[in-house]
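Q: Have a look at this prediction, sequence included:
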Amino acid sequence: MNTECSVLFHVTVRTTLSQVVGVIGNQEELGSWNEKCLCILKTDPQIFPKWVAEKPIAFKQGTKLEFKFVILDNGTAIWEELPQNRKYRCRYWKVILTADWNNYEGKEYIEKRFKSSVCLDQEILSQYTKPRLSDQFDPFNQANDDSEDSVDGFDSFAKEIANRNDSESSESEEDKKKPTVELNKDSEFSSLYQLYTENPKFRQLKNFSQNDILYEINDDPLIGLSDEDSLLISTYYLPIVIIKQTDGSYQRSNFQHSFSLHLLFGVQQFKRIWFGLPIVLNELGEKITDQSVELKNYLKQFGFVPVFVNQECLDYFNKEFCSKLYQAIMNNDVSITKLAALEYSDYMQECFKKLNDEFFQEIKPHINQHSIALIADYRLLYLSQIFVNHKFTRLPLVIFYNRLFPHLDNLKLIPFFHEIINSFLHANVICFSNYKTANEFLTVMKDIYKVEYHSFKGNLAFHYYGREILVKLQNPGIELTACGEKRYEIGELHYDKVENDNEIKIVGVDTYGHQSGVELKFRHLLKFIKETDIIQKNPHIKYIQILLKAFEDHDINEQRVSLLNQIEQINSYLYPNRDNYFVKLIEEEMDSKHRFKVFEKAKIYLQCKYSGRHDFYLSEYIHLNKMPIALISDSSCYHRGFQSIVTFNVFSHIDFKEKFADLLIKVINKQYQFTQLHKLKVEKDQLIIRQNQTSQWIENIFIDAKKAVSMLKFAQISLRFQDGLMIKVAHNLKFQHLDIQSVAKAYQQSTKPIIIIEFETIVTDQYFIDYKPKHFLQQSPHLKGNEEAVMIRQVEQELLNRIKELSKTNKVYIVSGGLFNELSSIFSGYNISLFAENGFLYKSDQLQWNALFNLDYQCLIQVRKIFNQYAMKTEGALIESKESSISLKLMNSDEYVQQLIQDLVENVQMIVDRYPTFQLIIGSHSVEVSPKNLNKGMILEIIMQKENLQRGKLDFALIIARGIQNEDIFSHFKVITQSRKYFSENASLFSVSQGLMPSYANYYLNNQQELIQLFKTI
């Protein structure tokens, strides 16, 4: 036997064009630590930054390697900065050692080889001859491993298998007393099941869900933004305002709303193209329409691409859809009424799609392999679907939702709400400003799609049709360059050194539109003035209200008039002669520099928002002010993370009055001194602002998007159409659409075919109710007195006819997780073998139903008593009883259900623990008690064994199933086909999933019509 070990070195390291990578070590083949004799590694554009040895290096078994990786830069060697050498002991026939530069952790990919030997069971041997991934090797201790396996390599491993084979075949004294069951062609399924479960190699596979990713993951930690990456940013409006002069020339100024302003400054260091509707004003400040080529060319020089939309469509979308319905719902407006939804028309959705399509037409020419897209407005959500419709399935996509995600009841007021949710699911990264709004979204995902989220490298994430979608909870922050270069040190307060000796300025910034909170703020202020005398006694207190201009096309006059009346009411109450004022309104388009100066001088910042939009103005104030004192409503949640501010309940005037009065008194009496603790809080807040700037946020989300797409490198992305929606599905590269003609040809050439169909594949949505069901086992005590009606699902009639025709000349099996009543009523009188309740009940050909094994029904009797107690007390609770199992399902989806299930599980678990043949399965809205070691995949293998005994090795197998809950069929079949135990050498094997989704199957059919066509053809 060959005693050499072949080692291939593989390292991940980023280098420049002048650099190459090598490996150097203590062996002659590695240069004996001589830099001039090291082994050079190679790379290419397809695998960079990975460097791989050109060919494996052979070492003797047991050789203790010590090595490091080296970068050669124009003759200069740069060694890894590791305190010790990497160490490895050669012990396998072939191995690939992989590592990252300057990182001790590594992995070994091993291929083991054995000599064919009559003393080795070939089925067991086949489990070890395939390449496998071992655990991470320890760079310090691996070379000191003197175990037999390390030294003798595959020789000792072969001995281990032989010993295992002998030990498995050896019988204990207790086993010898058991009656021996001989297998032959007449053996019953129950006998096969008994031997199967007693086999030490019995496979117990896990339950499958959409959280399973069934393809190889490409996890490259070194992915980052490069100079080639192009950021495609889409906002509803461009972040600048264009002034058109009378001579036709243009001037630009920055959009003063904070998110646009800071996003604009934040992307300056990146290569980007910005798409949006242009805001064009004349010299009088009036909004005008300009869709000229001259405007487009003017904006192009600044990296902006204007999107021109039909004005009639745009006006209707803004005024009729956004203002009256969509904006309120997507803000989760507490004042929304269902009456607004009655005004919906299909033209609204048509305008929505048309608007987004105009954006796409402008974006499309700029998309290339280095593009990364950001959708930063809820009015552009359709863009993600349009990208997918045009086959841009691998475009890294980020959606930033800067609002409170609507509650499901509000969201359903939009007739096409499923399409809106589906738009989020095309993204690779969905970014929210805080947990509260993200939680609403994740709750919707759980309620509608039954998708659970998990933690992934510091982010929340969930899997959807094989793709991992990241959910980031991070505020975009502000960009300090947008605020100027001024920095402050926190010091003692000096009130006597302000411009007006005694003036105390309070400032607030809002924008016209939904949920600004400014009306509620003035209500609090008026009531505060009437109930206290602080403002009356201190006329030098002034409140500056900045209202920024809104460029949305909806009418703000009504809101503006209401605000002016509120301000007049407050000022006239305090100063009837109008010789002074308390509230000053600034509503012209204030330049950001002017706003920053106001922030510098303001003693208190007052915010009263209850919307989900992020308040950048608070961050600006804390960053710019020497002594940031802020009173913030707690409902918006954006104060979280800041420690130096005071919060109040936006809907509690008592809370507002107490905290506002306390702050005013401290400021008036000059008592609000910065204690050492408060200094530290302010310093921490300002540090948070500096460390979490918009530019850093942009870089993080785009890198995450690139990594998410990179993970799909070895997966294929296909499109699935379901209920009018297009879904991106990531799946194994070998998972292809079934070629029906190829199957038919293989079937016609076969002599020993078998067809196994999972019942879910052929049923329809139609059913009838059997009010007097006949249960199979009369001794099933948990079913005695049970008069529950049974729902019998119906089968597509043409499919049924085709299956019955096939059964006349072929061996056909139907496997179901449902009741035997269904199968009996549908397939009665035909030569079809049936399995119900995941195989617990079976019926061969036209014989009677039998049980696969015996159950201790006392467990189900006791569990049913508990279920009955809960069902009587809980609305929407449904008990479903089968011969082998019992379950309780809860129809409601509120928080009470989760607490109820937790309480129910604690009671049922104590019973199940006493019966080792049963298991407890817990779902999000259900609890089930069922037998252990029973699944459809196991039944599939027993069927194959039975057919092998009766007919010998099969030469054709067609396995058809649907749904992620039936993946155990395909996973078992995959293992079975690898061993070829039941199949001839050239057998044609087809595992087919109905519907495109991540699967262990090799092929898929889109729908039942294609399944009918398959049966017609064969």
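A: Perfect, thanks for sending it.
Q: Flag every buried residue along stretch 586-603.
A: Of the residues in stretch 586-603, those buried by neighbour count under the rule 16 or more other C-beta atoms under 10 Å are I586, M590, S592, R595, F596, V598, F599, K601, A602, K603. C-beta here means a position set from N, CA and C on the backbone, and glycine is covered the same way.
Q: ok, now which ones touch L374?
A: When contacts are counted by C-beta atoms under 8 Å, 6 or more residues apart in numbering, L374 is found next to L231, L232, I233, S234, V398, I399, F400, I698, I701, F702.
Q: thinking again about what came up before, least confident of the buried residues of stretch 586-603?
A: When the buried residues of stretch 586-603 are sorted by pLDDT, the bottom entry is M590 at 65.
Q: now for the buried residues of stretch 586-603, which pair is the farthest apart?
A: Considering C-beta to C-beta, no two members of those lie farther apart than S592 and K603, which are separated by 20.9 Å.
Q: how is this protein carved up into domains?
A: Here the domain parsing of the chain from the TED database is 4-141, 230-236+258-276+309-472, 502-692, 734-772+786-852+934-1017, 856-931.
Q: So what would you say the end-to-end distance of the third one is?
A: Put plainly, it is domain 502-692. Using C-alpha to C-alpha, to the nearest Å, the end-to-end distance of domain 502-692 comes to 36 Å.
Q: Also the last one?
A: End-to-end distance for domain 856-931: 10 Å, by C-alpha to C-alpha.
Q: do the same with the fourth one
A: For domain 734-772+786-852+934-1017, the first and last residues are 23 Å from each other (C-alpha to C-alpha).
Q: What of stretch 731-738?
A: End to end - C-alpha to C-alpha - stretch 731-738 spans 15 Å.
Q: For it, which outside residues touch it?
A: Under C-beta under 8 Å, 6+ apart, the answer for stretch 731-738 is 214-215, 466, 714-716, 718, 990, 992-993, 996-999, 1001-1006, 1010, 1014.
Q: Buried subset of the residues you listed as a ChimeraX selection?
A: Remark: buried members of the contacts of stretch 731-738, expressed as a ChimeraX selection using 16+ other C-beta under 10 Å:
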select :214,215,466,715,716,718,990,992,993,996,997,998,999,1001,1002,1003,1004,1005,1014
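Q: Let's see which of the contacts of stretch 731-738 end up in strands.
A: Secondary-structure check on the contacts of stretch 731-738 using DSSP state E: residues within strands are A715, Q716, S718, F990, V992, S993, Y1003, Y1004, L1005.
Q: From what I see, the first one and V729 are in contact.
A: No: no contact is recorded between A715 and V729 when judged using C-beta atoms under 8 Å, the distance being 9.4 Å.
Q: can you list residues touching both of those two?
A: Common contacts of A715 and V729 (C-beta under 8 Å, 6+ apart): G466.
Q: L525 versus the residue sitting furthest away from the middle of the chain, what's the distance?
A: Computed with C-alpha atoms, centre = their mean, the maximum C-alpha offset from the centroid of the chain is found at N577, amounting to 61.8 Å. Remark: distance between N577 and L525 (C-beta to C-beta, to the nearest Å) = 20 Å.
Q: so how far is V815 from the residue nearest to G839 when sequence neighbours are not counted?
A: The shortest distance from G839 to any non-neighbouring residue, by C-beta to C-beta, 6 or more residues apart in numbering, is to I939 (3.6 Å). Using C-beta to C-beta, we find I939 at a distance of 6 Å from V815.
Q: List the residues that contact V598.
A: Each residue near V598 by C-beta under 8 Å, 6+ apart is listed here: K505, V507, I544, I546.
Q: what about 7 Å?
A: When contacts are counted by C-beta atoms under 7 Å, 6 or more residues apart in numbering, V598 is found next to V507, I544.
Q: doesn't it fall inside a strand?
A: No: counting by DSSP: H, G, I helix; E, B strand; the rest coil, V598 is not part of a strand but helix.
Q: thinking again about what came up before, now for the residue nearest to G839: which residues touch it?
A: Applying C-beta under 7 Å, 6+ apart, one finds that I939 lies in contact with V815, F835, G839.
Q: what's the closest of those residues to N410?
A: For the contacts of I939, the closest approach to N410 (C-beta to C-beta) belongs to V815, at 42.9 Å.
Q: if we can go back for a sec, pipe the domains of the chain into JSON lines and attach distance to L295 per row.
A: Below are the domains of the chain laid out as JSON lines (distance: least, C-beta to C-beta, whole Å):
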{"stretch": "domain 4-141", "distance to L295": "40"}
{"stretch": "domain 230-236+258-276+309-472", "distance to L295": "13"}
{"stretch": "domain 502-692", "distance to L295": "16"}
{"stretch": "domain 734-772+786-852+934-1017", "distance to L295": "45"}
{"stretch": "domain 856-931", "distance to L295": "51"}
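Q: So for Q251, which of those sits nearest?
A: Q251 lies closest, by C-beta to C-beta, to one member of these: domain 502-692, at 13.9 Å.
Q: starting at the chain centroid, how far to the closest one?
A: For domain 502-692, the gap between its own C-alpha mean and the chain's C-alpha mean amounts to 38 Å (C-alpha atoms, centre = their mean, to the nearest Å).
Q: all numbers from here: first residue = 49
A: Let's use 49 as the start, then, which means that last one is domain 550-740.
Q: Please name the bridge partners of F323.
A: Beta bridges link F323 to S282, V353, judged by DSSP bridges.
Q: so it makes contact with S282?
A: Yes: in this structure F323 lies within contact range of S282 using C-beta atoms under 7 Å: 4.7 Å.
Q: Touching both of these two, which residues are there?
A: By C-beta under 7 Å, 6+ apart, F323 and S282 have these common neighbours: F407, I411.
Q: Quick check: Y963 vs N981, distance?
A: 13 Å.
Q: With neighbour numbers in mind, choose between these two.
A: Taking Y963 and N981 together and counting by other C-beta atoms under 10 Å, Y963 has the greater number of neighbours (19 against 14).
Q: so that one touches C907, yeah?
A: Yes: in terms of C-beta under 7 Å, Y963 counts as a neighbour of C907; the distance is 4.0 Å.
Q: average pLDDT for stretch 915-930?
A: Per-region confidence: stretch 915-930 scores 83 on mean pLDDT.
Q: I670: what's it in contact with?
A: In this structure, I670 makes contact with P676, F690, D733, Q734, I737, judged by C-beta under 7 Å, 6+ apart.
Q: of these, the lowest pLDDT goes to which?
A: Comparing pLDDT over the contacts of I670 singles out F690 as the least confident position, at 83.
Q: Quick one: residues contacting that residue.
A: In this structure, F690 makes contact with I670, D733, judged by C-beta under 7 Å, 6+ apart.
Q: Spit out the contact partners of the residue lying closest to L1062 once chain neighbours are set aside.
A: By the measure of C-beta to C-beta, 6+ apart, the closest residue to L1062 outside its immediate chain neighbours is I788, 5.1 Å from it. Neighbouring residues of I788 by C-beta under 7 Å, 6+ apart: Q1061, L1062, T1065.
Q: Let me have those residues in a markdown table, extended by pLDDT.
A: What follows is the contacts of I788, written out as a markdown table (pLDDT from 0 to 100):
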| residue | pLDDT |
| --- | --- |
| Q1061 | 92 |
| L1062 | 93 |
| T1065 | 90 |
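Q: wait, which of the residues you listed is closest to F875?
A: L1062 (19.2 Å).
Q: For L786, see how far away that closest one is.
A: L1062 is 7 Å from L786, by C-beta to C-beta.
Q: Give me the common contacts of the two.
A: Joint contacts of L1062 and L786 (C-beta under 7 Å, 6+ apart) are L1053.
Q: in what helix or strand does F883 lie?
A: Of the helices and strands defined by DSSP states H and E, F883 is found in strand 881-884.
Q: Thanks again, I'm all set now.
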